[in-house]
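Peer 1: have a look at this fold, sequence not included:
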């Protein structure tokens, strides 16, 4: 196997040095460049032409996801991008999928895990599971509805149960709420959604019951 060239982008020097030391120990991996910011990455990476770019999600002057998208449009063939982050963030994960990243790793990944991820990405593989990718694409196809976004988490749960045909009393039993409390929640969510009748909310909610929209139930009413 030929050597896999890797470019590291992280604003913390100790992280870059640690990753470089780890990767350069492998016979089939070579670190060909580093950058501490998005601007440096976009300036230096075209000359390095790496097979794989390991990108911190958050950079001082931007986001690694933007660098991934931009560099993949600049270079031909484009590098496989692995996003590296200190914390799990669904929004960033979806952004990485849309930008064409090959993987999304937490910084507490074991050394062997990082090396394996680099090899997988270089071979054209993906470390993002198909279900996550599907949810990201669904978000692209269906614009966010500001009315739904205005609902509280409890109102969203109640809206889903309305779509399942439950009465206020049944919803109260499901969520351990008084029937009067449920009635108040229903009135509030109808007002926010701009509906006069419960049936309108039920139809609206049923239309949104696709992955990534309404929170799942515990399965008792599936």
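Peer 2: Looks like it arrived, so ask away. Please read all numbers here as calculations on a predicted model, not as lab measurements. Numbering: from 1, shown residues only.
Peer 1: all helices for the chain, in order.
Peer 2: Along the chain, counting by DSSP state H, helices occupy 13-24, 38-48, 64-74, 90-99, 111-122, 130-141, 146-149, 153-163, 168-175, 179-193, 198-208.
Peer 1: so what does the second one touch, helix or strand wise?
Peer 2: If contacts are counted by 3 or more CB pairs under 8 Å, 6 or more residues apart in numbering; DSSP states H and E, helix 38-48 sits against strand 4-9, strand 29-35, strand 52-56, strand 62-63, helix 64-74. C-beta coordinates here come from the backbone N, C-alpha and C atoms, glycine included.
Peer 1: helices or strands up against the fourth one?
Peer 2: When you say that, I think you mean strand 62-63. So strand 62-63, by 3+ CB pairs under 8 Å, 6+ apart, packs with helix 38-48.
Peer 1: just how off-centre is the helix it packs on within its chain?
Peer 2: Chain-centre distance of helix 38-48: 24 Å, with CA atoms, centre = their mean, to the nearest Å.
Peer 1: buried ones in it, by neighbour count?
Peer 2: 38, 40, 41, 42, 44, 45, 48 (16 or more other CB atoms under 10 Å).
Peer 1: winner for burial among the helices and strands packed on helix 38-48?
Peer 2: Sort those by mean neighbour count, taking mean count of other CB atoms under 10 Å, and strand 52-56 sits at the top with a mean of 28.
Peer 1: and it, what does it pack against?
Peer 2: Using 3+ CB pairs under 8 Å, 6+ apart, strand 52-56 sits against strand 4-9, helix 38-48, helix 64-74, strand 80-85, helix 111-122.
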